[in-house]
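Undergrad: the following block contains a protein sequence and its predicted model.
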Amino acid sequence: MTVYDTLASLWRTFVPVLVGTVAAALAHAGIGVDTAAATVWLGSAFSAAYYALFRVLEAHVSARFGWLLGLARPPQYPSAPAYTRAAVPPTPVKGA
(Lines give C-alpha, C1' and ligand atoms only; values in the text may rest on other atoms or scores of the structure.)
Protein backbone atom coordinates (compact mmCIF):
# COMPACT_ATOMS: atom_id res chain seq x y z
CA MET A 1 0.00 0.00 0.00
CA THR A 2 1.34 3.42 -0.89
CA VAL A 3 1.63 6.37 1.48
CA TYR A 4 -1.27 8.01 -0.36
CA ASP A 5 -3.46 4.95 0.17
CA THR A 6 -2.65 4.86 3.88
CA LEU A 7 -3.37 8.56 4.33
CA ALA A 8 -6.51 8.30 2.20
CA SER A 9 -7.89 5.47 4.31
CA LEU A 10 -7.25 7.44 7.49
CA TRP A 11 -8.76 10.63 6.07
CA ARG A 12 -11.85 8.77 4.83
CA THR A 13 -12.33 7.44 8.36
CA PHE A 14 -11.73 10.81 10.02
CA VAL A 15 -14.25 12.80 7.97
CA PRO A 16 -17.34 10.73 8.97
CA VAL A 17 -16.23 10.81 12.61
CA LEU A 18 -15.92 14.59 12.39
CA VAL A 19 -19.38 14.85 10.81
CA GLY A 20 -20.79 12.62 13.56
CA THR A 21 -19.19 14.77 16.24
CA VAL A 22 -20.68 17.93 14.78
CA ALA A 23 -24.10 16.28 14.44
CA ALA A 24 -23.96 15.09 18.05
CA ALA A 25 -23.02 18.57 19.25
CA LEU A 26 -25.90 20.09 17.30
CA ALA A 27 -28.32 17.46 18.60
CA HIS A 28 -27.14 18.06 22.12
CA ALA A 29 -27.63 21.81 21.80
CA GLY A 30 -31.04 21.64 20.11
CA ILE A 31 -32.75 18.51 21.40
CA GLY A 32 -31.50 18.56 24.97
CA VAL A 33 -29.82 15.16 25.24
CA ASP A 34 -29.27 14.76 28.98
CA THR A 35 -26.15 12.65 29.31
CA ALA A 36 -22.72 12.70 27.78
CA ALA A 37 -23.01 8.97 27.10
CA ALA A 38 -26.10 9.51 24.94
CA THR A 39 -24.22 12.15 22.98
CA VAL A 40 -21.33 9.78 22.37
CA TRP A 41 -23.67 6.99 21.24
CA LEU A 42 -25.55 9.37 18.96
CA GLY A 43 -22.31 10.61 17.42
CA SER A 44 -21.00 7.10 16.91
CA ALA A 45 -24.25 5.84 15.41
CA PHE A 46 -24.51 8.84 13.09
CA SER A 47 -20.87 8.45 12.02
CA ALA A 48 -21.36 4.77 11.20
CA ALA A 49 -24.58 5.45 9.28
CA TYR A 50 -23.02 8.39 7.42
CA TYR A 51 -19.99 6.32 6.38
CA ALA A 52 -22.07 3.30 5.36
CA LEU A 53 -24.53 5.39 3.33
CA PHE A 54 -21.94 7.29 1.34
CA ARG A 55 -19.65 4.28 0.89
CA VAL A 56 -22.55 2.33 -0.65
CA LEU A 57 -23.58 5.29 -2.80
CA GLU A 58 -19.96 5.72 -3.93
CA ALA A 59 -19.67 2.05 -4.87
CA HIS A 60 -23.05 1.58 -6.55
CA VAL A 61 -24.33 4.98 -7.73
CA SER A 62 -21.48 7.38 -8.49
CA ALA A 63 -17.86 7.79 -7.46
CA ARG A 64 -18.65 11.45 -6.80
CA PHE A 65 -20.20 10.49 -3.45
CA GLY A 66 -16.63 9.80 -2.28
CA TRP A 67 -16.17 13.53 -1.80
CA LEU A 68 -18.58 13.32 1.13
CA LEU A 69 -16.06 11.00 2.78
CA GLY A 70 -13.24 13.49 2.30
CA LEU A 71 -11.64 12.23 -0.93
CA ALA A 72 -13.03 11.40 -4.35
CA ARG A 73 -11.56 7.93 -4.63
CA PRO A 74 -11.04 5.18 -2.10
CA PRO A 75 -7.52 3.87 -1.44
CA GLN A 76 -6.34 0.97 -3.58
CA TYR A 77 -5.12 -2.00 -1.58
CA PRO A 78 -2.73 -4.52 -3.14
CA SER A 79 -4.17 -7.97 -3.71
CA ALA A 80 -0.94 -9.71 -2.68
CA PRO A 81 1.59 -8.82 0.01
CA ALA A 82 4.13 -6.31 -1.26
CA TYR A 83 6.92 -7.93 0.70
CA THR A 84 8.66 -11.28 0.68
CA ARG A 85 10.24 -13.10 3.57
CA ALA A 86 14.00 -13.20 3.46
CA ALA A 87 15.57 -16.59 3.83
CA VAL A 88 17.14 -16.93 7.26
CA PRO A 89 20.13 -19.28 7.40
CA PRO A 90 19.87 -22.02 10.01
CA THR A 91 21.63 -21.45 13.31
CA PRO A 92 24.73 -23.65 13.60
CA VAL A 93 24.56 -26.29 16.34
CA LYS A 94 27.44 -26.10 18.82
CA GLY A 95 29.42 -29.23 19.53
CA ALA A 96 28.27 -31.09 16.46
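TA: Right, received. Where do you want to start?
Undergrad: from now on I want contacts and neighbour counts done on CA atoms only, so please keep to that.
TA: Fine.
Undergrad: just give the closest residue to residue 66, not the sequence neighbours.
TA: Residue nearest to residue 66 in three dimensions, not counting chain neighbours: residue 72, with 4.4 Å by CA to CA, 6 or more residues apart in numbering.
Undergrad: phi first, then psi, for that neighbour.
TA: Torsion angles at residue 72 (phi, psi; degrees, to the nearest 10) stand at phi -70, psi -30.
Undergrad: how many other residues sit next to residue 26?
TA: Residues contacting residue 26 under the criterion other CA atoms under 10 Å number 13.
Undergrad: which residues of the chain score low on pLDDT?
TA: Along the chain, segments meeting pLDDT under 70 span 1, 31-34, 37, 77, 80-90, 95-96.
Undergrad: show me where it has helices.
TA: Along the chain, the segments classed as helices by DSSP state H run 3-31, 36-60.
Undergrad: thought the residue nearest to residue 66 was touching residue 59?
TA: No - Residue 72 lies out of contact with residue 59 (CA atoms under 8 Å); the separation is 11.5 Å.
Undergrad: ok, the most centrally placed residue in the chain to residue 66 distance?
TA: Centroid-nearest residue in the chain, with CA atoms, centre = their mean: residue 13, separated by 3.0 Å. Distance of residue 13 to residue 66, given as CA to CA, to the nearest Å: 12 Å.
Undergrad: for residue 92, which of the helices of the chain is the nearest?
TA: Checking the helices of the chain against residue 92 by CA to CA gives helix 3-31 as the closest, at 39.8 Å.
Undergrad: which neighbouring elements make contact with the closest one?
TA: helix 36-60 (3 or more CA pairs under 8 Å, 6 or more residues apart in numbering; DSSP states H and E).
Undergrad: would you mark the buried spots in the helix it packs on?
TA: Judged by neighbour count using 16 or more other CA atoms under 10 Å, the buried positions of helix 36-60 are 39, 42, 43, 44, 46, 47, 50, 51, 54, 55, 58.
Undergrad: okay, those in CSV with distance to residue 7 next?
TA: Shown next, in CSV, are those (distance: CA to CA, whole Å):
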residue, distance to residue 7
39, 28
42, 27
43, 23
44, 22
46, 23
47, 19
50, 20
51, 17
54, 19
55, 17
58, 19
